[in-house]
Every structure is written in C-alpha cells, then in structure tokens.
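**Q** here is the input, now give the coordinates:
(chains A, B and C)
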Amino acid sequence: MDLQSGDSGIGSPDSQKVPKSAEGKSKKPVENHLNGTPNNVSHKHSGHKHHHKSSSGDKHKDPNRHKHDKHGGDKPREHSSSAEKIKDPNRSSGEKHSSSKHKEHSSKPKDPNKPSKDHSSKPKDGHHSADKHKHGSEGKHKSSGDKHKERHKDGSAKHSSDKHRPDKVRKEGGSSSSKPKSSGEVKVKTEPGVSEKGSSPTKLVIKKEKDGSQPAVKKEPQDSDDDVPLAMRAQGEKRAHESDSDDEPLAARAEKKKIKKEKPSAEAVARKRKAESDDDDDKPIAKPKPKKKKGKEEKATPEKGKKKAKKEEPEVWKWWEEGPREEGVKWKFLEHKGPVFAPAYEPLPDSVEFLYDGKPMKLSEETEEVAGFFGRMLDHDYVTKDAFRKNFFHDWRKVMTPEERKVITNLDKCDFRQMDVYYKQKSEERKAMTKEQKQEIKKQNEATVEEYGFCNIDGHKQRIGNFKIEPPGLFRGRGDHPKMGMHKKRVRPEDVIINCSKDSVYPKAPPGHKWKEVRHDNSVTWLASWSENIQGSIKYVMLNATSRLKGEKDWMKYETARKLHKCVDRIRAQYREEWKSKEMRIRQRAVALYFIDKLALRAGNEKDSDEAADTVGCCSLRVEHINLHREHEGKEFVVEFDFLGKDSIRYHNFVAVEKKVFKNLQLFKENKSDGDDLFDRLNTTILNKHLQDMMEGLTAKVFRTYNASNTLQQQLQLLTNSEDSVAAKILSYNRANRAVAILCNHQRSVPKTFEKSMSNLQAKIDKKKEDIKKSRKEYKGLKADYKHKRDAKTAGMLERKKKQMERLEEQLMKLEVQATDKEENKEIALGTSKLNYLDPRISVAWCKKWEVPVEKIYNKTQRDKFAWALDMADETFEF
DNA sequence: CGTCAAACTTAGGAAATATACG
DNA sequence: CGTATATTTCCTAAGTTTGACG
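**A** Down below sits the predicted model:
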C-alpha cells in the first residue's frame, strides 16, 4: 500500500482560548507524520455492529463522565494559539516517500514516516469549537446509572470491588466543585478558512520564515545496517571489551539475548564487591567534595586514576563502557543509610489559636497538625472546592480525639486564619534570615545529603534520587481528583521496607523504631519502599538519573526506539492493511495504533473513576472525546479530539485522517453514546501484546519516544542554517524541541510574570534600537569629520565607533531572537521532552556538528544525566 | 482473560537558587 | 548590594508495562 501522502493535518489544536475556566490547558498538539493516504477505500465493513465491550463491562462507564472540569485545580490553562506557529512539526517531509513505505521492512529509510502533515494551524482566530463537549460541563449526558459509591473509605486502601466497573458512574456531578466549569467553552469553531496552513508538507514552520517547504529531511545516510551505534564504536577502542563482538551495542546485546555476562563484567563485579567493603576507592566515587556540585566538572579520566590531586573531582564512572549486567539482576551489592524521615511536627505556640465557632479551642497535637495543613493553604484555590473540603474534614475528624470530634462537626465553623498567618510569618522569617544563617542551613543540608544521599552499589558510590520520605500533608491530586484534600499520613519507620545486600551494613531505623522489613531483593532497583495511604500504591526510594541503573535503562529505551525506526514502515503498512480487517478488534487495534503513531497519544490504561480524575489515553478514549467532521476548514475527514490526558492536561486537536480511518471511526461510534468506549474491543494489554509480536521490546510508549526523537532529528536538519550565529542556531534547536513538545502535548501554564517579562524584554530591545540609532548617527558624524581632517586620531575613533555599532547590532539580534523564542514558548514546556523523549545523542551530535557548546542545550544536571551520550556520540550519530 | 499489584517512567508546578538588574 | 527575574531543583502525582494469580 502505499500511502500516499495525504495530508493530514494537524489541526492545530485548538488552542484557542478557552475560557479559562473551563478546561484546563489545552493546547494544541500536532500530529506527526503519516499522512494519509488517499485511497479511499471503503472498507468493508465487517463487523460492525455493536460492540459491546463485553467483558468487563465496564466499559460503560458512566455516562456522566464528563465532568471533568479540568483540573480542578485551579488553573486551567489554556492556551491558544500558539500552536499555530508551528505547524507541523513533525514529520516532515520525509515522508514523502510514501511509497516507499511499503515495503515492509524497513530499510531504514530514514524517514519513515511521516508524511505530511502539516496542518495548518489554525486559525487564527480560532477558537474552535471545542466546546462541544466540553468536558467540563456537566451536562451532557445522562447519568444513568449511577451508582455512586461512596467513597469514603478512608483512604485506606483501595477497596475493591465494588468499584468495578459497570457503571461506575462517575460521581455525579453535582457536587461540588464541579462548579461548572464554566461551561465549556464554547468556542465557536472557527471557520475554516483561515489561515494559513501551509500546505507544505510538513515542516514546521514556525511562523516566519522557515517553512520550508521542502520536504526535507533527508537523511540519507542511513546506515545500513550497521547500526552499530557509533558510540559504541568509538568507545570500543578504549574499552576492551573486545571480546564480545562489539558490534552490537550493548544495548542491543542486552536486549536480545541476555548474553552471557562477559568476563569483564564479571570480574569487574568481583572487584567491586570487594572494593565495597573498604570503600570504594576504586571506583570512583565521588567523594564528598567540598564544593559540591558546582565545582566539579568532572570528567576525569576513565581510569581511576587516583588523582588524588583532589580538587578535581573524582571522576565519574563511565559505566557505559562496562559490559552488560546479568539480566534480571540489578545489583550484587547494595548498601545505604536508609531514607530520611520528615521532621517531627512542631506544635504551634499558644499564641496561635484555632477558633471553632468563634471561640478559641486548644487542639490535640495530631488534630492541630492536620488542621495546620489546611490552615496553611487557606489562600489556595482548592480550599474552596467541595470535594477538597469534604475529604479533608472527613479525614481530619478521624485523627481527632473523641472530645474534639464531638465539638467539631462543621468545617464552616472552623477558623484557621491565625495558623495561616503564623505559617506565612514563619516563611517570611526564613526568607529574612541572614546570610550566615542561610549558610548554616545549607551546610546542614549538604551534610544530610552526604550521609543519606548516596549508596554504594556494586562498589560505586551513586546518588540516590529521593532519599527523603514524603512528608504528611493534604493530598492534592491533579485535575478533578476525587480524593483531593484527603490526609496523607506521616510515614513511620515501621511502614518502611528496606532493600539492601545481606552482607551490607544495614541502615539503622531511627532510635526507638524498627523497619517494617529488611529484604535483599536484587531483582529490583529500589532501596526502600512504603505504601501510601491515599491510593494504596507503593512509593520507592530509587537512584538518581545519573546512576548506572537509570542511565543504562534510559539508553536502552532509545535503542529500542531506534530499532522501531528500522521497522516502522512494516508496522505502518500492516496497520493500514488492518483498517480493512473483517474483525472489529483488529480494526480497532489498527486505528488506535495509527493514533498512537501519528499523534503520539499515550496508551491509555483504564482507570477507576473513584480513585482518580477522569482522564484518558488512546485505548480509553470514549465516544464523546472524538467528533467527526466530514469537512473542516477545507479539509476532508477531520477528527476532532478533545479530552483530558495525563495530569488532566487537555488535548484538543483537529486532525485530517484518511478516509478509511474516518469510516472506521464512524463505525466504532455507531450505536454508542457518550460514556461508551470508542475502542470497546481493545485495551492496552491487547495492544501491547500485539506490538510485542511485531517487534521485540515494542510497546505503545516506544512510539512516543521514537516519534519524538525522530521529529527532533528531522527538524534540526530542516531548521539549522550553517551561516547562522550560535544564538540563531540555538533558536532553531529550541524550535525543533518545541515541535516535539507540541507533538507530545507538553504544556505549561503561562508563567505568572510572562507578560511583564515580555514587556521588559521589549523595552530592552527598544532601548537597544535607540542606542544603535544614536551610534549610527555619531558614526556618520565622525565619518564626515574624517573626510576633512583625515588624521589618525579620527580614523581611530571612526574605527572604534564602527565596532561599537556592530556590537550593538549583534546584541539587538540576540535580544530579538530571545524575544521570539520566549513568545513561542509561552505555554509550551520543553523540559519534559528534552528529559524523557529526545535521544540525547541527537542533540550532542548536533552540537558537535554545528559547534554549539553543549552547555547551551543542556545544563549541568542534564549533562550529568546524559553523560553517557555526551561521551559516546559524535557528530555522525544518527538516530 | 480480567484483576491486581509491583516497579519504574513521565509530568507539571512549587520552591529554592542563581543571575540579572538598577 | 538588595531586589526582580530567570533557571534549576525538588517534589510527588499520574502514567505505562509486566507478571502473578485464579
């Protein structure tokens, strides 16, 4: 099949403004590649019919679901347009080839995918409709069934059963909070036409210039198979591992078979093991260093050299040069000091009173503590939400003494204002501390980190990610969370399970306490765990991102994505073929996979509405989350997505799809109503199982990683101009990064000070322009002067003036670039994709190729996390 | 299969720091 | 230098994926 290009477009997401209240943020995502193909097809049909989800039934969730209101939180974000700017990032061209696709397999054509997209964005005006459904609003639907269960339970544990699915009903809306979110935004749809769009396939286009047009991306280089990671190769030299064939990247090796452990590693391990006991000196551990972070710069030579010279830092252990670990065994030796507990509660001074019904009332210590949690967030928005208040009050009463419980029966009669004032004052005091005091505290903290922040794992001293146990407080979930306001209890040593080597020095529980258990499970990476009382889930103390355990996994993640790169054409061809399948489950699976691939949607596990906010992902989309428009803004077969995804971030996007997909969606929606699952014959387990069959290690999220990294690589190629200054190149990088963030729908609320800081910047620009004007004038004057005098002194001045002018111009340009970047980034968060989806080797290679200092792209923490990539990638790296 | 739990990754906002500003 | 602003780090909620169980 070929697909041809199609177009697809992404619509821009809407973005448009939503009335704030309503929805949360929304932004506009983009789509990725692929395009559609024209074909028409009719598909057959088959089965359609009703679906019932059967099984579990649940599926029918309650209709009422909607309700979400966006996040309950406070702020909804919304955004608008922005997106527009970018048009389609992704996939750009590359695609064109559509035809190629077919083939199965992959050759690696680099571009696999993507096709066109483009989309234009929309409208300026925007506003599209969205509204429709609004999530927020209640409305809609029926409620039906409902059952609601009461949730209560205290949090403890989840209960079970009952909830089950059938009808769960989402709570009814009524209640509280819900306030209606403003009703949805109703936005009107915009009209078509609008704007731009580009048309071109792909490209992102960021507003202005660029755009390109070309298809771009070419990447031809493909490697042919060889894919040996370059990195590896390079490294290879130094390392000895020759033994194994090294061609394969470690990752690859590990991945596939487990491989034998090679000798090197074995011995290494052995070495470490013993080393540990005496401290590692052997390995590099970073010893404490005086300065602590900053100073170091590490790098260090690989060998352990003893560089005791000190000052420099120890070295950084290049774990990526070691042989693979035994599969399933996460460590051979693990020793640590245990987690740090939250500081004990400090009772309020007697001068701070709690008033009940206007009268002072002395509370017992625990009651006071919990009251304080509420009291210190008095000015926060959520204390006005019914669900929050209700959950809080319910849990608060549970910690009260019988007497208190008898008296305190109405939250509205409680006056926590003095507590609020007291805590605010304390925080002010903290801020006002002298430098010395702050230094002292800082020192204390560093000492704590030094003692508890590291562990010895297989002879290496590695940083722990979260060694502090979460302090008690009020649970604040994201979005319209049914449990917001519940009391998150204090974790005691008796709740904590310690995981460490049997032959290590066990951590000591705080005086007078004991651990819940000390176990020695080396098949997991956590050092300590406890179960929290809100959702009943387990929380873990794990290593920091710079550790080998985390780094190696991260590296493998990208290797898996690269592997997908090689066979994505085959997979795409297959799912397109399956759109015509006679079996409904196959068609649903194929359409869902198309969404995951093209739009980078998350898998979408089912979730219990009593336990969490109503958010969805691909497999859990419901009928009301999609609207079909046979024609929208000049495009045919447009699917409008409008739902709340992870963290209750709104995903609103108009996407032109191929006719077959459109027809299938109509089929899937037939005879269903809001609240019913769109893909009633599919769930993430089924999907992942299928993916696993197509490629080892393939799961739904690999598509996000793959499409994100691939988009970055393509966009960098498309947007980088060799003649640009470093600043301009960085802008290009940020735009490429932005295209990915839009694809993945990574939003952020507009910083509170955004407007102000934008106008400050503009003022600076204006001033700079003024300076330039002045400088130019002076230059001209000097020049005239020089014509007369022709003396050396004037010549010198002239020269200097000229230099000054140039300097100013350059500064101006930099400022303007900065302004552009800032504006385009207003409501888009680049950090998430940079940290979790973009293969760092792509960025490193780009930096090397264009001579952009990597520090401009990655800060210290990021460089530490991606040390493996910095070390192994050269400018020829190709994802 | 469907469920449940475990283990780990991904995510945005808040708090803490660093840096720029005046 | 003190303050305003920008950037980084912290924090922990919310996802994904897998395996055990019945």
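**Q** can you pull the contacts of the closest residue in space to A:D357 that isn't next to it in sequence?
**A** In space, and not counting its chain neighbours, A:D357 is closest to A:K413: 4.4 Å by CB to CB, 6 or more residues apart in numbering. Every C-beta, even on glycine, is put in place using the N, C-alpha and C of the backbone. By CB atoms under 8 Å, 6 or more residues apart in numbering, the contact list for A:K413 reads A:356-358.
**Q** okay, A:K413 and DNA strand C: tell me how far apart.
**A** Counting by CB to the nearest atom of the strand, to the nearest Å, the separation of A:K413 from DNA strand C is 28 Å.
**Q** can you check A:R476 too?
**A** On the measure of CB to the nearest atom of the strand, A:R476 and DNA strand C end up 6 Å apart.
**Q** helices of the stretch 601-750 of chain A, residue ranges please.
**A** In the stretch 601-750 of chain A, the helices defined using DSSP state H, counting those that start in this stretch lie at A:659-669, A:684-694, A:700-719, A:726-743.
**Q** mind giving me the packing neighbours of the third one?
**A** Of the remaining helices and strands, those touching helix A:700-719 by 3 or more CB pairs under 8 Å, 6 or more residues apart in numbering; DSSP states H and E are helix A:548-578, helix A:584-599, helix A:684-694, helix A:726-743, helix A:840-850.
**Q** which of the helices or strands spans the nearest residue to A:E335 once chain neighbours are set aside?
**A** Excluding its sequence neighbours, the residue lying closest to A:E335 (CB to CB, 6+ apart) is A:S504, at 3.5 Å. Under the criterion DSSP states H and E, no helix or strand holds A:S504.
**Q** how about A:Q462, phi and psi?
**A** The phi/psi pair for A:Q462 (degrees, to the nearest 10) reads phi -130, psi 150.
**Q** I'd say it and A:R548 touch.
**A** Yes. Applying CB atoms under 8 Å, one finds A:Q462 in contact with A:R548, separated by 6.9 Å.
**Q** more crowded one of those two?
**A** A:Q462 (26 against 21; other CB atoms under 10 Å).
**Q** which one is the more buried one nearest to, not counting chain neighbours?
**A** A:Q462's closest residue in space is A:S547 (CB to CB, 6+ apart), at 4.3 Å.
**Q** any idea which residue of the stretch 351-500 of chain A lies closest to DNA strand C?
**A** For the stretch 351-500 of chain A, the residue closest to DNA strand C is A:G477, as judged by CB to the nearest atom of the strand, at 3.2 Å.
**Q** need the buried ones from the contacts of A:K413 selected in PyMOL.
**A** The following PyMOL line selects those of the contacts of A:K413 that are buried, judged by 16 or more other CB atoms under 10 Å:
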select buried, chain A and resi 356
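**Q** which of the contacts of A:K413 lies closest to DNA strand B?
**A** A:Y356 (26.7 Å).
**Q** what bridges to the closest one?
**A** When assigned by DSSP bridges, A:Y356 has beta-bridge partners A:K359, A:C414.
**Q** am I right that it is in contact with A:D415?
**A** Yes. In terms of CB under 8 Å, A:Y356 counts as a neighbour of A:D415; the distance is 7.3 Å.
**Q** so which bits of stretch A:628-638 are buried?
**A** A:629, A:632-633, A:635-638.
**Q** need the residues of the stretch 401-550 of chain A near DNA strand C, please.
**A** Within the stretch 401-550 of chain A, the positions lying close to DNA strand C (CB under 7 Å from any atom of the strand) are A:465-466, A:468, A:470-471, A:473, A:475-479, A:481, A:488, A:532, A:534-535, A:537.
**Q** list only those of those residues flagged as buried.
**A** Using 16+ other CB under 10 Å, the buried members of those are A:465-466, A:473, A:475-479, A:481, A:488, A:532, A:534-535.
**Q** so which of the helices and strands packed on helix A:700-719 gets nearest A:N499?
**A** helix A:548-578 (12.8 Å; CB to CB).
**Q** and that closest one, what's buried?
**A** Neighbour-count burial for helix A:548-578 [16+ other CB under 10 Å]: A:548-552, A:554-573, A:575-576, A:578.
**Q** SS state for A:E369?
**A** Judged by DSSP: H, G, I helix; E, B strand; the rest coil, the three-state class of A:E369 is helix.
**Q** quick one: which of the residues of the stretch 401-550 of chain A next to DNA strand C sit in strands?
**A** Counted as lying in strands by DSSP state E, out of these, are A:473, A:488.
**Q** just the element for the closest residue to A:S775 other than its chain neighbours, please.
**A** Nearest residue to A:S775, sequence neighbours excluded (CB to CB, 6+ apart): A:M805, at 4.8 Å. Per DSSP H and E: A:M805 is located in helix A:792-824.
**Q** does that helix come close to DNA strand C?
**A** No. Taking CB under 7 Å from any atom of the strand as the criterion, helix A:792-824 and DNA strand C are apart, separated by no less than 7.8 Å.
**Q** so which elements touch that helix?
**A** By 3+ CB pairs under 8 Å, 6+ apart, helix A:792-824 packs against helix A:726-743, helix A:754-789.
**Q** what's the closest of those to DNA strand B?
**A** Of the helices and strands packed on helix A:792-824, the one closest to DNA strand B (CB to the nearest atom of the strand) turns out to be helix A:754-789, at 6.5 Å.
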